[in-house]
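Sequence first, predicted model second:
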Amino acid sequence: MKIVFKSKLSQLPSANIPQGWCKLQELSSVRVLTTGYLLFPLVLLTFLAFFLKGILHDITVSELYAQTAVPIVSLPTAILLLVAFCFIHEYIHVCLYPRQSTVYIVPILSRLSISVICQKTMTRNRFLLVCIMPIVVLGVLPLILWLFIPPILVFLNSFFFYFYLVGLFGGVGDLLAVWYIMKIPATALVQNEGFDTYYSKDIKSSLI
């Protein structure tokens, strides 16, 4: 695998999308958040998690909230952790891209983040795995662990709750990609060109 840094998205080479492939019509993650497509389900999941943990540990939701929503690090430390979190999220993507591929790392100043982009052709299921794994590792697993941590352990309780929030809500763009990719045929091939996604109904066994 080759990793290349680019200062702008426009510096990426052409992906040479095959003729006849369809462009996936997507909404931006910002629009999805503001229109509530994913925001409401994620907020609802958080409320349900609070109620479930309250039942598991025989504690009221208000008491649980008081032992969870507490500052555990200073603001500068929190910012450093968020930056590290962003790199971990993108690194998980990189680990799942095909070995014989070039991965471009591009800073996205408008989002104060970085993105990793692979323009190699993948099967739909491989593409889904690349999209969803950071959410599973950084969002779902911390949530499951948080449910079983006793609320009296305030630091661990708060740490894993914040970890879950950042992991899941920070992966809204990936959740959006999963939502759209699930709508295309399971036998499709998928390829990115920058932030645009294209797909074909054909499949080659060597790419599975």
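Now that the structure is in, tell me what you want to look at.

what residue is smack in the middle of this structure?
Central residue of the chain (C-alpha atoms, centre = their mean): residue 171, 2.9 Å from the mean position.

Excluding chain neighbours, give the residue nearest to it in space.
With C-beta to C-beta, 6 or more residues apart in numbering as the criterion, residue 171 has its nearest non-adjacent residue at 4.2 Å, and that residue is residue 135. In this view, the C-beta of every residue, glycine as well, is placed from N, C-alpha and C.

What is the three-state secondary structure of residue 147?
helix (DSSP: H, G, I helix; E, B strand; the rest coil).

meant to ask about residue 198, not that
Three-state call for residue 198 (three-state DSSP): strand.

I'd like to know how many residues surround it.
19 (other C-beta atoms under 10 Å).

pretty sure it is touching residue 181, no?
No - assessed by C-beta atoms under 8 Å, residue 198 is found out of contact with residue 181, at 11.5 Å.

what is in contact with the two at once?
24, 190 (C-beta atoms under 8 Å, 6 or more residues apart in numbering).

Can you mark which positions in stretch 190-202 are buried?
Across stretch 190-202, burial judged by 16 or more other C-beta atoms under 10 Å covers 190-193, 197-200.

Which SSE is immediately downstream of the longest helix seen in the chain?
Criterion DSSP state H: the longest helix present in the chain is helix 75-96. As assigned by DSSP states H and E, the chain's next helix or strand after helix 75-96 is strand 102-108.

Could you list every helix and strand in contact with that following strand?
Contacts defined by 3 or more C-beta pairs under 8 Å, 6 or more residues apart in numbering; DSSP states H and E place strand 102-108 against strand 2-5, strand 113-118.

what sits up against the longest one?
Put plainly, it is strand 113-118. For strand 113-118, the surrounding residues in contact (C-beta under 8 Å, 6+ apart) are 12, 86-87, 90, 93-94, 97-98, 101-108, 130, 192, 194-195.

Strand 102-108 and that one, what's the angle between them?
With axes from the mean of the first three to the mean of the last three C-alpha atoms, to 10 degrees as the basis, strand 113-118 and strand 102-108 are set at 160 degrees to each other.

Pull the distance from strand 113-118 to the chain's centre.
Here strand 113-118 is found 12 Å from its chain centre; the criterion is C-alpha atoms, centre = their mean, to the nearest Å.

Pull up the pairing partners for it, direction included.
strand 102-108 (antiparallel) (DSSP bridges).

and the angle for the strand it pairs with with helix 75-96?
Using the same axes, to 10 degrees, the inter-axis angle of strand 102-108 relative to helix 75-96 is 150 degrees.

buried residues in strand 102-108?
Residues of strand 102-108 classed as buried: 103-104, 106 (neighbour count, 16+ other C-beta under 10 Å).
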